[in-house]
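*Asks:* Show me the folded form of this:
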Amino acid sequence: MSDRLLRRTELVVGGLLLLLVPALILVATLSVLLVAEGLVLGELSLLELVELYVIELLLVAAIAYALYRLLGRSIRRVVPDLTAVEGGADDDAEPRVGDGPAERARE
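*Replies:* Numbers count the residues shown, from 1 in each chain. Here you go, the predicted structure:
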């Protein structure tokens, strides 16, 4: 599978999950309320169901974004900045001959 097709597939799956997860949460919430007899399904209009779906969609999107930012921040704390590491020498690496301060001063 090509890299571009894989990225597009991941994007489509992510979009579908973003749309379907709030609907599944809404169905689960309504099911629990129906079983607990705290809600009569006939009392809800279509507009109220759409309103509940939109609220849950916004909540899921906000939580997903917050988790994304938190993950990015935690990765930056754990993984050192690769551009800084590439330019400098490793602490564990053995010094090479001719790499000391005296050799640099001669140049």
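*Asks:* Scan the helices and strands of this structure for the one with the lowest mean pLDDT.
*Replies:* Per-element confidence for the chain was summarised using mean pLDDT, DSSP states H and E. The lowest value among helices and strands belongs to helix 101-106, with a mean of 54.
*Asks:* In terms of helices and strands, where is residue 74?
*Replies:* With elements taken from DSSP states H and E, the one containing residue 74 is helix 46-78.
*Asks:* which residue is nearest the middle of the protein?
*Replies:* Of all residues in the chain, the one closest to the mean position by Cα atoms, centre = their mean is residue 68, 3.3 Å from it.
*Asks:* I'd like to know the predicted local confidence at that residue, please.
*Replies:* In this prediction, residue 68 carries a pLDDT score of 85.
*Asks:* next one: residue 41
*Replies:* 67.
*Asks:* again with the one 4 residues further on
*Replies:* In this prediction, residue 45 carries a pLDDT score of 82.
*Asks:* Adjust the sequence numbering to begin at 684 for everything that follows.
*Replies:* In the new numbering, first residue 684, that becomes residue 728.
*Asks:* List the contacts of it.
*Replies:* Residues counted as contacts of residue 728 (Cβ atoms under 8 Å, 6 or more residues apart in numbering): none. Placement of C-beta: from N, CA and C, glycine included.
*Asks:* Can you report phi and psi for residue 719?
*Replies:* Residue 719 has phi and psi values of phi -80, psi 0 when expressed as degrees, to the nearest 10.
*Asks:* now residue 704, nearest residue through space, not along the chain?
*Replies:* The shortest distance from residue 704 to any non-neighbouring residue, by Cβ to Cβ, 6 or more residues apart in numbering, is to residue 743 (5.5 Å).
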